[in-house]
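> Using only what follows, build the 3D model:
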Amino acid sequence: MTLKIIGAVCIIISCTAIGFSLSYRVHGRYRELTELKKILYLLSGEIKFGSSTLEEAFQTVAERSGPPYEGFFSYLSEEMQKRSSVTLAEIWKSGLETKLKAARLTKGDREILLHVGNDMGCLDKETQLKTLALAGEQLEDVRKSLYIELPKKMKLYNYLGILAGVFLTILLI
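Numbering: from 1, shown residues only. As a prediction, this is how the structure comes out:
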């Protein structure tokens, strides 16, 4: 009987932990989108007022941003300094696939970033700024909708974790 109680408690605790980790993941996505929006504004400012090249702007952004974006922008800067025949769009896409693999971005978020990368390397300064502004607006829309859904989703994951643990315990006992 004691082993059943210990097992039941372990199941409830582990299912609750899974629910809370899923809840934390949703909140982490919101934080990452907020950070990404700030980074795009920073990059826009570097291009507009810094009078620096894209590789210098990427390096500055990398120095001022946190994980996972610092690695991404450092990668972009390093690859551009190599001066290979690879386009910025290809470097950007490669960086998205490798350096932002662990980021909590959805497919839609990655599509927004992919469009930024496709438009950054081959356009003039003004169009680059407009591309960054458009991406910032799109990310803000995603962020706002996520902000509205965030409390509901977090509660849902928390409660589902607890209820799944209780359900499994009842099922096994």
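
> Show me what the host helix or strand of G95 is packed up against.
Here G95, judged by DSSP states H and E, is contained in helix 88-98. Secondary structure elements in contact with helix 88-98, counted by 3 or more CB pairs under 8 Å, 6 or more residues apart in numbering; DSSP states H and E, are helix 69-81, helix 107-120. Where you see a C-beta, it was placed from the backbone N, CA and C, and this is true even at glycine.

> Check which helices and strands the last one is in contact with.
Using 3+ CB pairs under 8 Å, 6+ apart as the contact criterion, the elements in contact with helix 107-120 are helix 2-49, helix 88-98, helix 125-172.

> Present these as CSV; the columns should include distance to R64.
Formatted as CSV, the entries for the helices and strands packed on helix 107-120 read as follows, by distance: least, CB to CB, whole Å:
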stretch, distance to R64
helix 2-49, 6
helix 88-98, 17
helix 125-172, 15
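
> winner for burial among the helices and strands packed on helix 88-98?
helix 69-81 (a mean of 19; mean count of other CB atoms under 10 Å).

> now the angle between helix 88-98 and that one, please.
Angle, helix 69-81 to helix 88-98, by axes from the mean of the first three to the mean of the last three CA atoms, to 10 degrees: 140 degrees.

> from now on call the first residue 10
With 10 as the first residue, the last one maps to helix 78-90.

> Nearest spatial neighbour of A71, chain-adjacent residues omitted?
Computed as CB to CB, 6 or more residues apart in numbering, the closest residue to A71 that is not its neighbour in sequence is F82, at 3.7 Å.
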